[in-house]
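S.K.: Task: produce atomic coordinates for the following.
(one chain, ligands or ions: 1)
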Amino acid sequence: MIQPAPAKLNLALHVTGRRADGYHLLDSLVVFARHGDAVEVVPGASALTVDGPFAGDVPVGADNLCLRAARTMGTGARIHLTKNLPVASGIGGGSADAAAVMRALAAQGHALPADPAALGADIPVCLAGQPARMRGVGERLDPVPEVPALPIVLVNPGIPLSTPAVFKALQRRDNSPMPEPDWHDADSLIGWLGKTRNDLQPAAISLAPAISEVLTALEGQGARLSRMSGSGATCFGLFDDADSAARAARALARPDWWVVASELASGPVRGYTSTATV
Ligand code: C5P
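M.R.: Next up is the predicted model:
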């Protein structure tokens, strides 16, 4: 069975503190796109094969997160990964793939690991696979009001960013938490998001100034809100309707940019709807 490993988006990401071990305390609204990687997991000796547009960027050694995910569940597995998402790009990638492997193995009767966060801060939310408020260093998840299926455009300027490097470039680590999640439709969600931030965005821009160019370009194409996800460099734009999103994606096409029109998933992503990949 093929498991989707959808792109994770931090619609808001506040950095509220730092633990003694150096990990940062976060307060984030995490949602998923109807676009992403896919994994197929069959019983067998540990092996990983990869195809897809970003296959060449995936390390396939024993420390690959998919293989580590299987090991933490006490089993080997033959894993095939279709890598549609750029790596080191702030939209889950490795965590989404590892969580999809865990889900596939759980469906085959293996127990989920007791501490999935040990493998990556984003793995618990990727395992949950639906919109959530994520706190702590990623292990604390709370439900949020229903997230409308807003059309989105994802843009990555083709610059991989190291998550630790972005956290290191942060100017302030004791920022305010998000306001209480409170919306009931697209307009009120966008209004609520206007009161939130991605605290990692200025730090990421200091390392990759092209992020500013992406955000300006998304706004120029009519995005109602544009922001960076995670530690970047992928940015998202929220649009009013699917036609405007598709039009914006076409207009944003550049040889060095990865651009996808998709939509937010209100609930668990079981498969991908058609998307315009530019
Ligand atoms: O857990 P993950 O592999 O996603 O984290 C990569 C790195 O990002 C960590 O080693 C840490 O330097 C940084 N990080 C952090 N605080 C978090 C999550 C990640 O400082 N909550």
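S.K.: quick one: the residue lying closest to residue 86 once chain neighbours are set aside from residue 147, how far?
M.R.: Spatial nearest neighbour of residue 86, excluding adjacent residues (CB to CB, 6 or more residues apart in numbering): residue 156 at 4.9 Å. From N, CA and C alone the C-beta is placed, and that goes for glycine too. Per CB to CB, to the nearest Å, residue 156 is found 22 Å from residue 147.
S.K.: Tell me which of the two has more neighbours.
M.R.: residue 156 (26 against 22; other CB atoms under 10 Å).
S.K.: pLDDT wise, what is that one at?
M.R.: On pLDDT, residue 156 comes in at 98.
S.K.: Could you measure from it over to residue 57?
M.R.: Remark: distance between residue 156 and residue 57 (CB to CB) = 12 Å.
S.K.: do the same with residue 251
M.R.: Distance, residue 251 to residue 57, using CB to CB: 26 Å.
S.K.: quick one: residue 7 and residue 36 touch, right?
M.R.: Yes: the pair residue 7 / residue 36 is scored as a contact, 4.5 Å apart, by CB atoms under 8 Å.
S.K.: residue contacts, the residue nearest to residue 117 when sequence neighbours are not counted?
M.R.: With CB to CB, 6+ apart as the criterion, residue 117 has its nearest non-adjacent residue at 4.4 Å, and that residue is residue 139. Going by CB atoms under 8 Å, 6 or more residues apart in numbering, residue 139 touches 117, 121, 124.
S.K.: Take the residues you listed and keep only those in helices.
M.R.: Among the contacts of residue 139, the members found in helices (DSSP state H) are residue 124.
S.K.: can you redo the contacts of residue 139 as JSON lines with neighbour count, pLDDT and distance to residue 224?
M.R.: JSON lines is the format used below for those (neighbours: other CB atoms under 10 Å; pLDDT from 0 to 100; distance: CB to CB, whole Å):
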{"residue": "117", "neighbour count": "19", "pLDDT": "92", "distance to residue 224": "33"}
{"residue": "121", "neighbour count": "19", "pLDDT": "92", "distance to residue 224": "29"}
{"residue": "124", "neighbour count": "23", "pLDDT": "97", "distance to residue 224": "29"}
